[in-house]
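Asks: Quick one: sequence plus predicted model below, questions after.
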Amino acid sequence: MEDVRAVLFDMDGTLVDSEGAVARSWKVWADRNDVDYAELLRICPGLPAAEVIRHFRPQWTEERIVTDARGQLELEYADLTGVLPARGTPEVLAAVAELGLPWAVVTSADRKLAGIRLAAAGISAPLVVTREDVAHGKPHPEGFLRAARLLGVAPGHCLAVEDAVAGVESGRAAGMRVAGLRGVPSDVPIEHLGDLADLLRGVLTR
């Protein structure tokens, strides 16, 4: 951790607690399409909506997949109930500011949804890389690599912070060390972002 020069945060489930809104929107789609809801919730964290739909309905045309993904986004745009900063978010952002570390959000959400949720959580990010900014979503590394390039920091000096397997795979594929929340296998296991704030202060102020 001594060589960390920038921190790249996932949004949903990492900086922002939006679990309820995400679950409610996918319940609608699962019920409409006779999909196992529990299995859907296991698959969907960290993935763009189109990838989730493609996983469960690979036989659908791309047009149908895109249409349903757009419908999911519309549901999520309108549902901000319970969307709050995740545990430890104020602490870790304060630590990043104190340490002078550039930071960004790298999310599978589109630009509109990212803006809505970050605003609802009271988070003003200096840089947000969304699904619309890349050709390939997570677990592809493109989003993290783009954020590192825009911040002017080599990938090897970036710490990616994630709560989902797809995000951890994305960060690692980008050549970054990854902090993983709540038991997600990673290089730096943490329970909440307050733990990461303590780790960063402890390591980088020695």
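Replies: Alright, I've got the coordinates.

Asks: any weak-confidence spans in this protein?
Replies: 206 (pLDDT under 70).

Asks: let's see it at 80
Replies: The model of the chain has pLDDT under 80 over residues 46, 206.

Asks: wait, doesn't Ile53 sit right on Gly71?
Replies: No - using Cβ atoms under 8 Å, Ile53 and Gly71 do not qualify as a contacting pair, with a distance of 9.7 Å. The C-beta positions use only the backbone N, C-alpha and C, and glycine is treated the same way.

Asks: intersection of neighbour lists for these two?
Replies: Trp29 (Cβ atoms under 8 Å, 6 or more residues apart in numbering).

Asks: More neighbours: those two, which one.
Replies: Each of Ile53 and Gly71 has its neighbours counted (other Cβ atoms under 10 Å); Ile53 has more, 26 against 16.

Asks: From Ala69, how far off is the more buried one?
Replies: Per Cβ to Cβ, to the nearest Å, Ile53 is found 6 Å from Ala69.

Asks: Ok, Trp29 next?
Replies: Distance of Trp29 to Ala69, given as Cβ to Cβ: 9 Å.

Asks: so what sits against both of these two?
Replies: Ile53.

Asks: Identify the residues contacting the spatially closest residue to Pro85 that is not a sequence neighbour.
Replies: In space, and not counting its chain neighbours, Pro85 is closest to Ala121: 4.6 Å by Cβ to Cβ, 6 or more residues apart in numbering. Contact analysis of Ala121 by Cβ under 8 Å, 6+ apart lists 15-17, 83-86, 89.

Asks: Enumerate the strands of the chain by residue range, in sequence order.
Replies: 6-9, 16-17, 84-85, 103-106, 128-129, 158-162, 177-181, 188-190 (DSSP state E).

Asks: which other helices and strands contact the third one?
Replies: Which is strand 84-85. strand 16-17 (3 or more Cβ pairs under 8 Å, 6 or more residues apart in numbering; DSSP states H and E).
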